[in-house]
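[1] generate a structure from the sequence data that follows.
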Amino acid sequence: MKLIFLFGPQAVGKMTVGQELAKITDLKLFHNHMTIDLVHQFFDFDSPSLWRLVDVFRFEMFKEVATSNQAGIIFTYVWAFDQEKDWEFLGKVKEIFESNGADVYMVELEADLKERLVRNKSEHRLVHKPTKRNIQQSEQNLQETMEKHRLNSLENEIIHPNYLRINNTNLSAKETALQIKKKFLL
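    Numbering: from 1, shown residues only. Here you go, the predicted model:
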């Protein structure tokens, strides 16, 4: 069992890289908007119910996958390094998988803001993420989140034996996925 924790700022390419990685491994992709977009049909973003239910669905999925005979899962996440709750979330997810004997791999993506703004409007992203279809609102959220939170780690901040950081500004999702597969022998 393997957990690939694929994280980075909005529109860095997590979902698309995860899709490519799923194609070349036996791992399934569970991108963060699968739960967000489901629950958002019933509750607005400012509703505590939205985030409570998102967490419930995610943790139930993690528990089921971690105890299954699946090869593993790729999970995408926007990690705000300045938020203790995000560190706690990661710790809980890691514990679920590691307590069931899984290997945990941490992959951080980073890309220039200019490229992320282009990716934010890509047809592929908008097809898979309904809540991103209001481009103006999505770009505003991207900018505000970037100003409010630190969305990439500092040097040596992540101490984990299976950690990889990739600047994918000029890489395709397929090239990035191949780097991950090669590094971790997936």
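
[2] show me where the protein has strands.
    2-7, 28-30, 72-77, 103-110, 163-167 (DSSP state E).

[3] just name the shakiest helix or strand of this structure by mean pLDDT.
    Lowest on mean pLDDT, DSSP states H and E among the helices and strands of the chain sits helix 123-128, with a mean of 68.

[4] remind me what the lengthiest helix in the chain packs against, helices and strands.
    Of all the segments of type helix in the chain, defined by DSSP state H, the longest one is helix 48-66. Using 3 or more Cβ pairs under 8 Å, 6 or more residues apart in numbering; DSSP states H and E, the elements in contact with helix 48-66 are strand 28-30, helix 33-40, strand 72-77, helix 84-98. The way it works is simple: take the backbone N, C-alpha and C, and place the C-beta from them, glycine included.

[5] which one of those lies closest to Tyr105?
    Tyr105 sits nearest to strand 72-77 of all the helices and strands packed on helix 48-66, at 9.1 Å, using Cβ to Cβ.

[6] strand partners of that closest one, parallel vs antiparallel please.
    strand 2-7 (parallel), strand 28-30 (parallel) (DSSP bridges).

[7] contacts only, for the spatially most central residue of the chain.
    Centroid-nearest residue in the chain, with Cα atoms, centre = their mean: Thr76, separated by 1.6 Å. By Cβ atoms under 8 Å, 6 or more residues apart in numbering, the residues touching Thr76 are Leu6, Phe7, Lys14, Met15, Gly18, Leu29, Phe30, His31, Asn32.
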